[in-house]
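Trainee: Please find the sequence and the predicted model below.
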Amino acid sequence: MAEVFENEEQKKPDLERYLDIARRRNLHFLAPLLFGWLLVWGVSWILPPKYKASTLILVEEPAMTKNLVNADVSDDLQQRLQNMQQQILSRTRLLLIIDNLHLFEGSRKPISDDDKVASMRKQIDIELVRDIHDGVSAFKITFSSDNPRVAQLVTKQLADLFINEDQQSLVKASGDTTKFLKSQLDDARAQLADQEAKVKAFQTTHNGALPSQANSNLQILGGLQAQLQSEQDALNNATQQHAMHETELQQYRLNPLPTAHAGEPLDPNSPQAIDVQLAKLRDQLTDLQSRYTDSYPDVVKLKAQIAQVEVQRKSAAAAQKVKGDGSSDSLAVAQLQGQLHSDEVEIQNRRNSITQLQTKIAQYEGRINAEPSSEQELADLNRGYEQSQANYNDLLKKMQESQMATSMELMQQGEQFKMLDPPSLPLKPDFPNRLLFCALGLAVGIVFGVISVAAFEMTDDRLHYESDISDLLPVPVICEIPQVINPADEEVRKRKSFFGWAATVAVILIILAGSAVSYLRG
């Protein structure tokens, strides 16, 4: 029977054993539980409270789209916020806030300015708010202090500093960009003027040999070559005529001609015939001068012919004076000599004209030959001028955009920081979170209670279960004597049970009451 009882005792689950321990050790558990909870909960009321005030600053998109005006500042808002944060949280700015709000004046011992600034920086928190595209759409400024009013005022001043600093930085950055672009534009303008002066100087120096004048040079060269050919032909004719007249003069001197009789036709070498010829030539010259300039080849040729005939007229007139002595031979010789002189004048004029034409032809040929090199040099100058002009136009466009961006920032039409709600006065401290401390105290109390129960169980040498007796005896248990409970023991057991439940309820009520106080006033 003892073996059956032992087997049944061994099969008893551990849960029943733990419940039995809880009934017997409830006070050993409740007392450390209450102590641990009271300890942590009391600490939450001893720690100095910290109040947090916060505000959300929205990053508004520019009123004007970027297609119309490009901003002069970087689009990396996170980098801009970091730069502003370094400026706003600088020692000078924070000391100004500390002096204005009289912070850290209630401390028992004097605090240096560096310690004040370091302590204030720890109380400031700036958190970026990102949108679904992982872009910064807003940021949150939080300041913690043991005074709720101070937390509110400092948060408000920090928010104002961020807003003002952003606007000033945008205007300054845009203005600096405009000044820089203006200086670059002045340099580009001077460079463009220098390139333009070089092009003009080259065109002036190489006037007539420019690539744009190639066709006209070719046409002029063709005309000069035609004139040269005409003058050479005329020179050949004049040379032949001069040789013919010399031959006639020599023959006449050897075999004089008979004297002309009255009634014969007018001698073509007489002054009267020459005057008729001279009048015709002058009429032709007048007609040509009405249509062409004096440098026209036919005009020049006709003037030379008129000069030749005028010389011939003077020779004929001189010969006619000699006619009074009755010597016709002398008159013929004089006429031939006059023709020879006219031929010599014409030959000299033709040679001079040919020399001038050859000089001009050489000049135009030099221009045409120099055109490839001048074309390359002019192309290099034009390329430099075009690059300078493109650079100038690009800088001019950028400066105009920068000026518009600066005006946009001054009119507050660009990207702006806007405070959605001003920081409110915190009514409850952010630290310590007394409700959280209640939960933490409950956990600490449970740990203390479990440790206390375990300690009492380990140091208790009494036997509470039949299995404990079996473990101690070397022989099997044959029989058991049941526990005899008298009315007095029953009364004691009831009182202990009542006191245990009362203590349990009391501890629970105390913890609930403390938690309610922490929730309502914490």
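Mentor: Cool, got the structure.

Trainee: C-alpha only now, for contacts and for neighbours.
Mentor: OK.

Trainee: so where is the stretch 101-250 of the chain shaky, pLDDT-wise?
Mentor: Applying pLDDT under 70 to the stretch 101-250 of the chain picks out residues 107, 170-174, 206, 208-209.

Trainee: which residues in the stretch 251-400 of the chain form helices?
Mentor: Assigned by DSSP state H, counting those that start in this stretch, the stretch 251-400 of the chain shows helices spanning 271-289, 297-322, 328-410.

Trainee: between the last one and helix 297-322, how many degrees?
Mentor: Read that as helix 328-410. Helix 328-410 runs at 150 degrees relative to helix 297-322, counting by axes from the mean of the first three to the mean of the last three C-alpha atoms, to 10 degrees.

Trainee: which other residues reach the helix or strand following helix 328-410?
Mentor: Where DSSP states H and E defines the elements, the next helix or strand beyond helix 328-410 is strand 416-419. By C-alpha atoms under 8 Å, 6 or more residues apart in numbering, the residues outside strand 416-419 that reach it are 55-62, 159, 162-163, 166-167.

Trainee: Partner strands of strand 416-419 and their direction?
Mentor: Paired neighbours of strand 416-419 in the sheet (DSSP bridges): strand 51-60 (antiparallel).

Trainee: Flag every buried residue along the partner strand.
Mentor: For strand 51-60, the neighbour count (16 or more other C-alpha atoms under 10 Å) marks 51-59 as buried.

Trainee: Same question for stretch 385-396.
Mentor: Applying 16+ other C-alpha under 10 Å to stretch 385-396 flags 385, 388-389, 391-392, 395-396 as buried.

Trainee: Now the two most distant members of those.
Mentor: Tyr385 and Leu396 (16.0 Å; C-alpha to C-alpha).

Trainee: Now do the same contact list for the closest residue to Pro426 other than its chain neighbours.
Mentor: Closest residue in space to Pro426, ignoring its immediate chain neighbours: Pro148 at 5.6 Å, by C-alpha to C-alpha, 6 or more residues apart in numbering. Residues in contact with Pro148 (C-alpha under 8 Å, 6+ apart) are 50-53, 425-427.

Trainee: Same check on Ala503?
Mentor: Ala503 neighbours (C-alpha under 8 Å, 6+ apart): 27, 30.

Trainee: Go again with 7 Å.
Mentor: Residues near Ala503 by C-alpha atoms under 7 Å, 6 or more residues apart in numbering: none.

Trainee: Okay, and it sits in which element?
Mentor: Per DSSP H and E: helix 487-521 holds Ala503.

Trainee: which of the residues in that helix are buried?
Mentor: In helix 487-521, counting by 16+ other C-alpha under 10 Å, buried: 500, 503-504, 507, 511, 514-515, 518.

Trainee: Quick one: the residues you listed as a markdown table, columns for distance to Thr205 and pLDDT too.
Mentor: Converted to a markdown table, these look like this (distance: C-alpha to C-alpha, whole Å; pLDDT from 0 to 100):
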| residue | distance to Thr205 | pLDDT |
| --- | --- | --- |
| Gly500 | 121 | 79 |
| Ala503 | 118 | 85 |
| Thr504 | 116 | 87 |
| Val507 | 112 | 89 |
| Ile511 | 106 | 88 |
| Gly514 | 104 | 86 |
| Ser515 | 101 | 86 |
| Ser518 | 98 | 82 |
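
Trainee: Of the residues you listed, which is the nearest to Asn207?
Mentor: Ser518 (100.0 Å).

Trainee: Quick check: the closest one touching Pro432?
Mentor: No: look at Ser518 against Pro432 with C-alpha atoms under 7 Å: they stay out of range, at 10.2 Å.

Trainee: Skip the chain neighbours and tell me the closest residue to Thr55.
Mentor: Thr55 sits nearest to Pro423 (C-alpha to C-alpha, 6+ apart), 5.0 Å away.

Trainee: Can you tell me the SS state at the one you found?
Mentor: Taken by DSSP: H, G, I helix; E, B strand; the rest coil, the conformation at Pro423 corresponds to coil.

Trainee: if I read this right, it contacts Leu56, doesn't it?
Mentor: No: here Pro423 lies out of contact with Leu56, judged by C-alpha under 7 Å, at a distance of 8.4 Å.
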